[in-house]
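**Student:** Pasting the sequence and the predicted coordinates here, then a few questions.
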Amino acid sequence: MAIVYIGSDHAGLGLKAALVKRLSETGHDVRDLGPATAESCDYPVYAKKVCKKVLADADGAAPGDDPASYGILVCGTGIGMSMAANHIPGIRAALCGCEFQARATRRHNNANVLCLGERVTGQGVALDIAELFLSTAFEGGRHLRRVNQIEG
Ligand code: RB5
């Protein structure tokens, strides 16, 4: 299974811990890039850390290729993380609140980073979203044309 880099801010720390536990138990290679404590911190710092790793693993891959690794970012709403991540070329970050979105963003957008809001999405739903995101393939075809336009 692909490596999963995960990061949060203080508001996403609890869900991050739950994700690390669940995804490790289900066989994913999860790399927790922090933070390690609940001290107040800035979400762009962790968005950049995680996205840097995802891009390094992609190493020149085309937008339609299966991601070599994935990122998961958690903050209070998921919104700040998604803004910070999508600011970085090559990152396609999807803020998901339900399984439909998780499945669709992998199939249609080839998203390589999942964003979640700990204060918005219940833990059980968030864990299922992450599992689905990581196990759903990009469909390509007409969707590839559109993904290429995002990057172009
Ligand atoms: C932290 O209070 C909160 O602003 C942050 O976690 C996030 O929701 C920002 O988008």
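**Tutor:** Ah, there it is. Residues are numbered from 1 along each chain as shown.

**Student:** Tell me where the longest helix sits in this protein.
**Tutor:** Counting residues, the longest helix found in the chain (DSSP state H) is helix 43-58.

**Student:** That helix packs against which elements?
**Tutor:** For helix 43-58, the packing partners by 3 or more Cβ pairs under 8 Å, 6 or more residues apart in numbering; DSSP states H and E come out as strand 3-8, strand 69-75, helix 79-86, strand 113-117. C-beta: built from backbone N, CA, C; applies to glycine.

**Student:** Rounded mean pLDDT for it, please.
**Tutor:** Averaged across helix 43-58, pLDDT comes to 98.

**Student:** if we can go back for a sec, would you turn the helices and strands packed on helix 43-58 into CSV with mean pLDDT?
**Tutor:** Below are the helices and strands packed on helix 43-58 laid out as CSV (pLDDT from 0 to 100):
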stretch, mean pLDDT
strand 3-8, 98
strand 69-75, 98
helix 79-86, 98
strand 113-117, 99
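
**Student:** ok so, going back, identify the residues contacting the longest helix of the chain?
**Tutor:** 3, 5-9, 12, 31, 33-35, 65, 67-73, 75, 80-81, 84-85, 88, 90-91, 93, 112-113 (Cβ atoms under 8 Å, 6 or more residues apart in numbering).

**Student:** now that helix, how far from the chain's geometric center?
**Tutor:** Distance of helix 43-58 from the chain centroid (Cα atoms, centre = their mean, to the nearest Å) equals 10 Å.

**Student:** Around the ligand, pick out the residues from this protein.
**Tutor:** 9, 11, 43, 75, 76, 77, 79, 80 (Cβ under 6 Å from any ligand atom).

**Student:** One more pass at 5 Å, please.
**Tutor:** With Cβ under 5 Å from any ligand atom as the criterion, the chain meets the ligand at residues 9, 11, 75, 76, 77, 79, 80.

**Student:** With residue 4 as the reference, measure out to the residue nearest to the fifth one when sequence neighbours are not counted.
**Tutor:** Same thing as residue 77. Nearest non-adjacent residue to residue 77, counting by Cβ to Cβ, 6 or more residues apart in numbering: residue 117, 4.3 Å away. From residue 117 across to residue 4, the span is 18 Å (Cβ to Cβ, to the nearest Å).
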